[in-house]
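*Asks:* I need the structure of the sequence given here:
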Amino acid sequence: MAKKKEVKAVFKVQAPGGQATPAPPVGPACGQYGVNPGQFVQQFNERTKSYNGMPVTAVVKVFADRSFEMELKCPPASALLKDAAKIAKGSGQPNKEKVGKVTRAQLAQIAKSKMKDLNCFDPAAAERIIAGTARNMGIEIEG
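*Replies:* Numbers count the residues shown, from 1 in each chain. The predicted structure follows:
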């Protein structure tokens, strides 16, 4: 039976998918816990190159022997919505000023991809969570 490694620390770091560098915020976060930033960045970029610059959060477990393992999360809902609506940023006044539109199909697809990171089990509930984020960003939902 394999011996379990002792977890020394757990931390989160967010970086652009496939484009992370050892510069802040990644380098200092890794260095603080004894993780080699170059090795972390190489693994992170390899596993996130499909996200192409979208922010991705990694939850990193650091073990006593300074090895680590990372769990990648889906990009934030706001980043996925901005990409779907093809806008640069959300509205400063979402109740008055609408900046983009997404369809119900796009909303359902975003909810499906975020399902494992959301605290719900029903796809309809996940869609409502994503729809609320869209409303708060000033994005209208069509259909």
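
*Asks:* tell me the domain ranges of this protein?
*Replies:* For the chain, whose domains are defined here by automatic domain parsing, the residue ranges read 7-72, 77-142.

*Asks:* including mean pLDDT and mean neighbour count, could those domains go into CSV?
*Replies:* Every residue, glycine included, has its C-beta placed from N, CA and C. Output for these, formatted as CSV (pLDDT from 0 to 100; neighbours: other C-beta atoms under 10 Å):
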stretch, mean pLDDT, mean neighbour count
domain 7-72, 87, 16
domain 77-142, 89, 16
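
*Asks:* if I look at the nearest residue to residue 13 once chain neighbours are set aside, how far off is residue 123?
*Replies:* Here the nearest residue to residue 13 in space, its sequence neighbours aside, is residue 29; by C-beta to C-beta, 6 or more residues apart in numbering that works out to 4.7 Å. In this structure, residue 29 lies at 34 Å from residue 123, with C-beta to C-beta, to the nearest Å as the measure.

*Asks:* try residue 30
*Replies:* For residue 30, the distance to residue 123 equals 36 Å [C-beta to C-beta].

*Asks:* how about residue 103?
*Replies:* 16 Å.

*Asks:* give me the pLDDT for residue 2.
*Replies:* Looking at residue 2, its pLDDT reads 52.

*Asks:* need the strands for this protein, in chain order.
*Replies:* Along the chain, counting by DSSP state E, strands occupy 7-16, 55-63, 68-72, 100-103, 139-142.
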